[in-house]
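>>> got a sequence here, can you model it:
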Amino acid sequence: MNAPRFATVILSLALGLLESGCKQPESDQKAEAPPALKVQRVEDRSVFEVDRPERFQLTTSVAHTARAELRVTGAVTPDVSRNVPVISLASGRVIEIDARLGDSVTKGQLLMKVQSADISGAYSDHEQAIADETLARKQLERSKLLYERGAIAQKDLEITEAAETKATVTIKTTLEHLRVLGVDPDHPSPIVEIKAPVSGVISDQQVTNAAGVQGLASPSPFTISDLTRVWIVCDVFENDLGAVRLGESAEIRLNAYPNRAITGTIGNIGPVLDPNIRTAKVRIEVENPGLMRPGMFVTATFHGPRRETRAAVPAPAILHLHDRDWVYVPARDKQFRRVEVVGGDMLPGNMQEIVSGIAPGQQVVANALEFQNTVQQ
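Here you go, the predicted model:
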């Protein structure tokens, strides 16, 4: 064998050994590969399968035409135009309080008594005005007598007449001052009685026993609110303002009395939106039947101008579970599916409106509670 052929054989053997050393067994490759993906089917908990579906009676939802509704929350507030402050024009010290916050009062009822030094000064001015008028009247009578006899000139008579007129005006002014302070001029006293100017409920109190009052410079001791008419102030989102119009009616339900519906009138829609929550203040004016108290929470329902077609089913077909409303609709084979709906108003014939969730003409289980109790056994 010559040298070139021998070199070729040696090279072929070397390449064969190298290839056999780098090749791994097929079993090792399968062991290192990732496991195959397993797909598991999750059970739908809203679907129930029953053996005899004919046991459960079905009913067909009917079409019901209703006006579009918008429900918002609000609170009862006093009518600002019916809030009357009770003031004391006399400065002094409170010596007696005869009414408290929350009391119902009538017009003219005594609220408190104030001991005031202003009364003494006002009464003194009134007595001096009476004395000056008496003197001026006598001087006028004397001047008239002298003028008739030619003892004085006409201008002197006119001066005495003007003095008597000014004295009469001063008496009227000081008398009115006493009456404004709440004092009877015929029975002067340093004690001023503050009485209710109107009938209503005391909604604010800023005075206590032995406190001082400074007339108009101090806060009003009491505020009386006439609650025969109140305001309902609601927050309406920007996107829902189209359903609210001035002068239209709104239905009010108090959280404390949810079964009592009260009708009010939209009196104002706020011209400025709250920049944080994008809502406008809507004011509803309503007659108070005696149940409404300031601060109560309410739900207001506005009825839009357009009408919508909704489904209506018998009331037993709706299941109230976990603060939600559900109905059971037949599915394929022997299965029923639980569908969440939004319940609406009760209708005549023990029917209930469904705002959303199912369409008119769709079948549902007639007695949802019976079906629920059966499938949960």
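>>> alpha carbons only for contacts and neighbour counts from here, please
OK.
>>> what is the distance between stretch 345-365 and the centre of its chain?
Its chain's average C-alpha position is 31 Å from that of stretch 345-365, according to C-alpha atoms, centre = their mean, to the nearest Å.
>>> meant to ask about stretch 124-134, not that
So, by C-alpha atoms, centre = their mean, the centroid of stretch 124-134 is 57 Å from its chain's centroid.
>>> tell me where the stretch 1-150 of the chain has strands.
For the stretch 1-150 of the chain, the strands defined by DSSP state E, counting those that start in this stretch cover 47-49, 58-60, 62-78, 83-86, 91-97, 104-105, 110-115.
>>> could the ones you listed go into JSON lines alongside distance to residue 371?
Below are the strands of the stretch 1-150 of the chain laid out as JSON lines (distance: least, C-alpha to C-alpha, whole Å):
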{"stretch": "strand 47-49", "distance to residue 371": "10"}
{"stretch": "strand 58-60", "distance to residue 371": "11"}
{"stretch": "strand 62-78", "distance to residue 371": "21"}
{"stretch": "strand 83-86", "distance to residue 371": "56"}
{"stretch": "strand 91-97", "distance to residue 371": "65"}
{"stretch": "strand 104-105", "distance to residue 371": "54"}
{"stretch": "strand 110-115", "distance to residue 371": "65"}
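>>> can you check which of these gets nearest to residue 181?
Nearest to residue 181 among the strands of the stretch 1-150 of the chain is strand 91-97; the distance by C-alpha to C-alpha comes to 9.5 Å.
>>> the closest one - what's its average pLDDT?
Mean pLDDT, computed over strand 91-97, is 90.
>>> what of stretch 266-280?
On average, stretch 266-280 scores 93.
>>> contacts for it, please.
The contact list for stretch 266-280, computed with C-alpha atoms under 8 Å, 6 or more residues apart in numbering, reads 235-238, 245-250, 281-285.
>>> and the end-to-end length of it?
Counting by C-alpha to C-alpha, to the nearest Å, you get 13 Å between the two ends of stretch 266-280.
>>> got the buried residues for that stretch?
Across stretch 266-280, burial judged by 16 or more other C-alpha atoms under 10 Å covers 266, 267, 269, 279, 280.
>>> with stretch 226-245 instead?
By 16+ other C-alpha under 10 Å, the buried positions in stretch 226-245 come out as 226-227, 229-237, 244-245.
>>> check stretch 112-119 too.
Quick answer for stretch 112-119 (16+ other C-alpha under 10 Å): 112, 113, 114, 115, 116, 118, 119.
>>> contacting residues for the nearest residue to residue 97 once chain neighbours are set aside?
Using C-alpha to C-alpha, 6 or more residues apart in numbering and skipping the chain neighbours, the partner closest in space to residue 97 is residue 112 (4.3 Å). Going by C-alpha under 8 Å, 6+ apart, residue 112 touches 94, 95, 96, 97, 98, 99, 193, 194, 195.
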